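>>> Show me how the following folds:
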Amino acid sequence: MQPGQIREYLAAANGTISLDLKVGDNQDTELSELLAHEGTSPDEQINQEMLRQNLSDLLATLKPVQREVLTLRFGLLDNQERSLAQIGEKLNISRERVRQIQMQAMTALRRQQPSMGQYLTS
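Okay, the predicted model is just below:
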């Protein structure tokens, strides 16, 4: 390496560098293109956290049994969806009653749809 290159790299290491910085022999590659893209992006992480918080807030507006039915039905805590029969067995109610509670809860959530509009796709 040339002493000028070493000084340039040391100067760059001391400060903040834009990901839009052009690098390479022809200065035709952006620094961001060279970085590995592993996992979710910060924007995606923020959106997911906001969705989780909004969902939690919405579920808090439901009756406890409605909240439990939806949580179990869609696997909101453990990513394990359960059938109406499984939920009925756990709560000691009929499969049909679980279905009715789920429908009531979904109707209540649909009334609050505007607060979730940013997550809904057409």
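>>> all strands in this structure, in order from the N-terminus.
For the chain, the strands defined by DSSP state E occupy 22-23, 29-30.
>>> lowest average confidence, helix or strand, in this structure?
Scoring the helices and strands of the chain by mean pLDDT, DSSP states H and E places helix 31-34 at the bottom, with a mean of 72.
>>> Now Gln102: closest residue in space, sequence neighbours ignored.
Leaving aside its chain neighbours, Gln102 sits nearest to Val69 (5.4 Å; criterion: Cβ to Cβ, 6 or more residues apart in numbering). Where you see a C-beta, it was placed from the backbone N, CA and C, and this is true even at glycine.
>>> neighbours around the one you found, how many?
Applying the criterion other Cβ atoms under 10 Å, we find 29 residues in the vicinity of Val69.
>>> surely it meets Arg99?
No. Distance between Val69 and Arg99: 9.2 Å, which falls outside the contact criterion (Cβ atoms under 8 Å).
>>> Helices of the protein, start to end?
When assigned using DSSP state H, the helices of the chain occupy the ranges 3-14, 31-34, 42-60, 64-73, 84-91, 95-111.
>>> Put together JSON lines for the ones you listed, with distance to Asp20 on each row.
Listed next are the helices of the chain as JSON lines, based on distance: least, Cβ to Cβ, whole Å:
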{"stretch": "helix 3-14", "distance to Asp20": "14"}
{"stretch": "helix 31-34", "distance to Asp20": "7"}
{"stretch": "helix 42-60", "distance to Asp20": "16"}
{"stretch": "helix 64-73", "distance to Asp20": "43"}
{"stretch": "helix 84-91", "distance to Asp20": "51"}
{"stretch": "helix 95-111", "distance to Asp20": "42"}
